[in-house]
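A.B. asks: Attaching a predicted model along with its sequence, questions to come.
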Amino acid sequence: MPQGRFSRNRSRFSGKSRPFNQNRRFARPPQKRGGFAAKNFSDLSAFINKAVITEEVEKFIPEHRFEDFALVPALKANLKTKGYTDPTPIQDRTIPHIMRGEDVVGIANTGTGKTAAFLVPLINKLAHHPARVLIMVPTRELAVQIDDELRAFARGMHVKSSVCVGGININPQISSLKLSPQFVIGTPGRLKDLLERRALKLGDFSVAVLDEADRMLDMGFVHDMRKILALLPRERQTLFFSATLGAEVERLISEFLRTPVRVAVKVRETSATIDQDVVRVPQGTDKLEVLQGLLAKPGFDKVLVFGRTKHGVDKLAKKLAERGIAAESIHGNKTQNKRQKALDLFKRDRVQVLIATDVAARGLDISDVSHVINYDLPQSREDYIHRIGRTGRAGKRGSALTFIDA
């Protein structure tokens with residue numbers, strides 16, 4: 001039986017955000033610095049927050065319904081097929097501005113529908129006027145996810161797209177760009193590579209979208225982002241979507257956007273639908289035994305486990321598989337095909353557990369994740385917030401557990 005036990009303290013999430021230090025991004029922080037990765041972490045309230053059902057005093061009432069927007073019939077039909085009726089706050093507030101051709105800065109929590117907030121009005125724009133759209137994202141998985149959403153929204157509308165990401169053969173991407181797709185979705189590094197090869201030219205792109213802009217900055221893409229944005233036509237529409245708004249993002253906004261409309265619907269850092277708690281692991285206890293005991297409990301149906309290193313998540317997935325638990329791993333060293341296969345197996349409930357490094361902490365929209373488990377402590381409060389944001393999405397209840405040495 002596992003030795004882990006749950007804390008009964010249920011205080012609110014607290015603590016101030018620490019500024020990001022790019023030079024330490026991939027190094028383990030010194031234990032004496034008091035960050036999340038410090039062994040003697042004293043303020044356990046940072047990982048504890050009971051999701052409780054209370055009477056809703058304030059409830060968001062959208063000003064529009066999707067059927068109210070002046071969208072072309074084919075797009076409306078596709079939205080109806082996907083079950084889109086009432087927009088989320090970020091969709092309700094931004095879609096009218098994007099449809100008017102304004103620059104927009106959208107700040108909203110993860111899992112609140114930012115992708116549809118820009119895809120829906122842009123697909124509608126293309127139905128009226130020829131245009132090309134460049135979408136920059138931080139990770140391969142987010143690029144593929146956006147492309148999947150695009151194909152569903154634009155079904156039957158003759159909209160072409162190209163996904164340009166690293167980790168896979170560049171030649172098919174070069175071939176797809178020769179077809180002049182209306183949407184090009186890519187990561188900054190691969191987009192820069194394609195530009196240097198002259199396989200991608202930005203002179204006829206009239207819209208640029210930066211999704212998860214803060215994450216791209218965290219990953220050190222700021223110079224690539226600036227170079228790419230500078231190659232776009234001066235007369236264009238630019239959209240920034242992000243979960244946070246730091247000084248560097250503000251500088252990019254001032255450089256590349258024209259009097260943008262700012263829409264901020266982020267009301268709290270962590271969702272009220274996520275039950276956060278800690279699992280104390282007594283000294284000398286095997287963490288793997290504790291994890292296995294949790295995974296055997298009722299309700300742990302679709303579990304995302306976060307580890308610190310690429311080698312560590314591979315090793316953990318292998319050990320769980322040896323114990324009869326269906327598990328896959330995902331990290332930056334895996335090829336795009338292997339990463340996508342692991343994600344697909346998890347999304348289709350073919351495996352119970354997906355073990356990941358922080359490459360999966362942002363942007364991924366995986367339905368019905370019952371639990372997020374921080375097997376290894378995150379390196380920052382921001383990483384913690386984005387990790388646990390993979391559960392409790394779309395108003396559903398979720399649980400986040402963090403392993404703590406007792």
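C.D. replies: Thanks, I have the structure now.
A.B. asks: Kindly state the domain boundaries assigned to the protein.
C.D. replies: 5-51+272-405, 66-264 (automatic domain parsing).
A.B. asks: export the ones you listed to a markdown table and tack on mean pLDDT?
C.D. replies: Listed next are the domains of the chain as a markdown table, based on pLDDT from 0 to 100:
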| stretch | mean pLDDT |
| --- | --- |
| domain 5-51+272-405 | 76 |
| domain 66-264 | 93 |
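A.B. asks: where do the strands sit along the chain?
C.D. replies: Using DSSP state E, the strands found in the chain span residues 5-6, 104-107, 133-136, 161-164, 183-186, 207-211, 237-242, 261-264, 274-281, 303-306, 327-330, 353-356, 371-374, 398-405.
A.B. asks: could these be laid out in TSV, adding distance to L291 and mean neighbour count?
C.D. replies: For the C-beta atoms, the positions are set from N, CA and C on the backbone; glycine is no exception. Shown next, in TSV, are the strands of the chain (distance: least, CB to CB, whole Å; neighbours: other CB atoms under 10 Å):
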stretch	distance to L291	mean neighbour count
strand 5-6	14	12
strand 104-107	35	24
strand 133-136	36	26
strand 161-164	34	23
strand 183-186	35	25
strand 207-211	33	25
strand 237-242	33	24
strand 261-264	38	16
strand 274-281	9	21
strand 303-306	7	26
strand 327-330	10	24
strand 353-356	9	26
strand 371-374	7	25
strand 398-405	8	22
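A.B. asks: can I get these in CSV with distance to V313?
C.D. replies: Conversion of the strands of the chain to CSV gives the following (distance: least, CB to CB, whole Å):
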stretch, distance to V313
strand 5-6, 24
strand 104-107, 31
strand 133-136, 27
strand 161-164, 24
strand 183-186, 25
strand 207-211, 25
strand 237-242, 27
strand 261-264, 34
strand 274-281, 18
strand 303-306, 8
strand 327-330, 5
strand 353-356, 4
strand 371-374, 12
strand 398-405, 14
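A.B. asks: Identify whichever of the ones you listed lies nearest to A199.
C.D. replies: A199 lies closest to strand 161-164 among those, at 9.0 Å (CB to CB).
A.B. asks: Tell me the helices and strands packed up against that closest one.
C.D. replies: helix 140-153, helix 170-177, strand 183-186, helix 188-196 (3 or more CB pairs under 8 Å, 6 or more residues apart in numbering; DSSP states H and E).
A.B. asks: now I274: how far from S254?
C.D. replies: Distance, I274 to S254, by CB to CB, to the nearest Å: 34 Å.
A.B. asks: Kindly report the same for P188.
C.D. replies: Taking CB to CB, one finds P188 at 20 Å from S254.
A.B. asks: in the stretch 301-406 of the chain, which spans are helices?
C.D. replies: Per DSSP state H, counting those that start in this stretch, the stretch 301-406 of the chain carries helices over the ranges 310-322, 336-347, 381-388.
A.B. asks: Tell me which of those approaches A116 most closely.
C.D. replies: helix 336-347 (18.0 Å).
A.B. asks: Give me the contact list for the closest one.
C.D. replies: 140-141, 144, 165-168, 302, 304, 328-330, 334, 350-351, 354, 364, 366-367 (CB atoms under 8 Å, 6 or more residues apart in numbering).
A.B. asks: Just the buried ones among these, please.
C.D. replies: 140-141, 144, 165-168, 302, 304, 328-330, 334, 351, 354, 364, 366 (16 or more other CB atoms under 10 Å).
A.B. asks: A154: neighbour count?
C.D. replies: 24 (other CB atoms under 10 Å).
A.B. asks: Phi and psi next, for it.
C.D. replies: phi -100, psi 20 (degrees, to the nearest 10).
A.B. asks: and it, what does it touch?
C.D. replies: A154 neighbours (CB under 8 Å, 6+ apart): L75, N78, I123.
A.B. asks: OK, contacts around the closest residue to L295 other than its chain neighbours?
C.D. replies: Spatial nearest neighbour of L295, excluding adjacent residues (CB to CB, 6 or more residues apart in numbering): I325 at 5.8 Å. Each residue near I325 by CB under 8 Å, 6+ apart is listed here: Q292, L295, Q352, V353.
A.B. asks: And the third one, how close does it get to E63?
C.D. replies: This points to Q352. 41 Å.
A.B. asks: Same drill for those two, tell me which one is more crowded.
C.D. replies: Each of Q352 and E63 has its neighbours counted (other CB under 10 Å); Q352 has more, 17 against 9.
A.B. asks: Hmm, the more buried one is touching A326, no?
C.D. replies: Yes - counting by CB atoms under 8 Å, A326 is a contact partner of Q352 at 5.0 Å.
A.B. asks: Would you mind naming the residues that bridge with L354?
C.D. replies: Taking DSSP bridges as the rule, L354 bridges to L304, E328.
A.B. asks: Equivalent analysis for M136, please.
C.D. replies: Under the criterion used (DSSP bridges), M136 bridges to G186, L210.
A.B. asks: ok, Q91 - how many residues close by?
C.D. replies: Around Q91 there are 26 residues (other CB under 10 Å).
A.B. asks: Skipping adjacent residues, who's closest to it in space?
C.D. replies: Going by CB to CB, 6+ apart, Q91 has A117 as its nearest residue, at 4.5 Å.
A.B. asks: now the contacts of I325 in a markdown table, with distance to V265?
C.D. replies: Shown next, in a markdown table, are the contacts of I325 (distance: CB to CB, whole Å):
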| residue | distance to V265 |
| --- | --- |
| Q292 | 40 |
| L295 | 35 |
| Q352 | 34 |
| V353 | 33 |
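A.B. asks: which among those residues gets closest to P260?
C.D. replies: Distances from P260 to those, taken by CB to CB, are shortest for V353, at 41.3 Å.
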